[in-house]
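Participant: Predicted model and sequence below, questions to follow.
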Amino acid sequence: MTQTIINTQDAPAAIGPYVQARQVGPFLYTSGQIPLDPKTGEMVQGIEAQTEQALSNLLAILKAAGFDKHHVVKTTVFIKDMNQFAAINGVYERFFDDHKPARSCVEVARLPKDALVEVEAVAYGG
């Protein structure tokens, strides 16, 4: 099966030994996206802004592979503080609108660069 590495300058570059995404057949697997502004490399501030930026970075990767948010079948959301779930969920719901992928949401002790949120996705384009 053909595998293609997806890379775009419209999302932050990988900060470790991984790729932004890998397409395997009709599936796209993204790496977790944290809220770094790809133009400045700086972390945006505030939980809602961080969630918006992480999802914007995810969308840039989807687009680079010829996908859009309606192709997303599963997301995993990692959050620093479950008390911020409502704020994160509000931004997430606006982002996906009437499309509702399967989702897991997990509180974690720490995220890269001390981000408050990280989002990864699996998309299907078949």
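Facilitator: Nice, thanks for sending it over.
Participant: which residues sit against the longest helix belonging to the chain?
Facilitator: Under DSSP state H, the helix in the chain containing the largest number of residues is helix 47-64. For helix 47-64, contacts defined as C-beta atoms under 8 Å, 6 or more residues apart in numbering pick out 6-8, 10-12, 20-21, 28, 30, 33-38, 43-44, 68-69, 71-72, 84, 87-88, 90-92, 95, 115-121, 123. In this view, the C-beta of every residue, glycine as well, is placed from N, C-alpha and C.
Participant: Would you mind listing which of these are buried?
Facilitator: Among these, those classed as buried by 16 or more other C-beta atoms under 10 Å are 6, 8, 11-12, 20-21, 28, 30, 33-36, 43-44, 69, 71-72, 84, 87-88, 91-92, 95, 115-121, 123.
Participant: now, which of those residues lie within strands?
Facilitator: In this view, those that belong to strands under DSSP state E are Ile6, Ala21, Leu28, Thr30, Val72, Val117, Glu118, Val119, Glu120, Ala121, Ala123.
Participant: residues in contact with the third one?
Facilitator: By C-beta under 8 Å, 6+ apart, the contact list for Leu28 reads Ile6, Ala21, Arg22, Leu62, Ala65, Phe67, His71, Ala121, Val122, Ala123, Tyr124, Gly125.
Participant: for the first one, same thing?
Facilitator: Ile6 is in contact with Val19, Gln20, Ala21, Arg22, Gln23, Leu28, Ile61, Ala64, Ala65, counting by C-beta under 8 Å, 6+ apart.
Participant: mind redoing it with 6 Å?
Facilitator: Ile6 makes contact with Gln20, Ala21, Gln23, Ala64, Ala65, according to C-beta atoms under 6 Å, 6 or more residues apart in numbering.
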